[in-house]
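Q: Sequence plus the predicted model coming up.
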Amino acid sequence: MIEEGQPAPDFTLMDQQGQPVTLSTLKGSPIVLYFYPKDDTPGCTTEACAFRDADADYQAAGAKVLGVSPDDVKSHGKFAAKFSLNFPLLADTETRVCQLYGVWKEKSMYGRTYMGVERTTILIDREGIVRKVFPKVKVPGHSDAVLEAIKAM
């Protein structure tokens, strides 16, 4: 897992419109980098909609929100359109960025183990330094907690 105080590892991934997004080009703004398991599933939809609904608050704080999952550009496009998501969803189909940030982990469900994304949010400051890591995110109230952390930076 990435640690607080470290520079955020740079990457470039495609967003839901097939446009490249490079983390280092966003320096100067706080970045909310949230990793989630799968488009259009209950917890992931609730989390994405909470970030969407708090857009005015994130903009007021000067922050940019980026969602990352292993789903592809097409899946992200459908998910963003269906729920009017107003921030980039980045396609990490090879899980390189998930592994780089330490959120690609062994999980288990119904007695079966598999590799997947552990829901995690990384808060990066204006200089590109990781300031807060929210591991094993519980969705209810999470967006509010992230906003409070941005205000405390």
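A: All right, it came through fine.

Q: three-state assignment of E106?
A: Classification of E106 using DSSP: H, G, I helix; E, B strand; the rest coil returns strand.

Q: my guess is D40 meets L85, correct?
A: No - D40 is beyond contact range of L85, at 10.8 Å (criterion: Cβ atoms under 8 Å). For glycine as for every other residue, the C-beta is placed from the backbone atoms N, C-alpha and C.

Q: shouldn't V146 be in contact with I124?
A: No - the pair V146 and I124 fails to qualify as a contact (Cβ under 8 Å) at a distance of 11.6 Å.

Q: joint contacts of the two?
A: Shared contacts of V146 and I124, defined by Cβ atoms under 8 Å, 6 or more residues apart in numbering, are found at V32.

Q: re the thing from before, now do the shared contacts for D40 and L85.
A: Contact with both D40 and L85 is made by residues F79, according to Cβ under 8 Å, 6+ apart.

Q: Helix or strand: which one has D57?
A: Secondary structure from DSSP states H and E places D57 in helix 55-60.

Q: Mind listing what's buried along that helix?
A: For helix 55-60, burial by neighbour count (16 or more other Cβ atoms under 10 Å) applies to 57-58.

Q: In terms of secondary structure, what does the helix or strand following that helix contact?
A: Under the assignment DSSP H and E, the closest C-terminal helix or strand after helix 55-60 is strand 64-69. Applying 3 or more Cβ pairs under 8 Å, 6 or more residues apart in numbering; DSSP states H and E, we find strand 64-69 packed against strand 31-35, helix 42-53, helix 55-60, strand 89-91.
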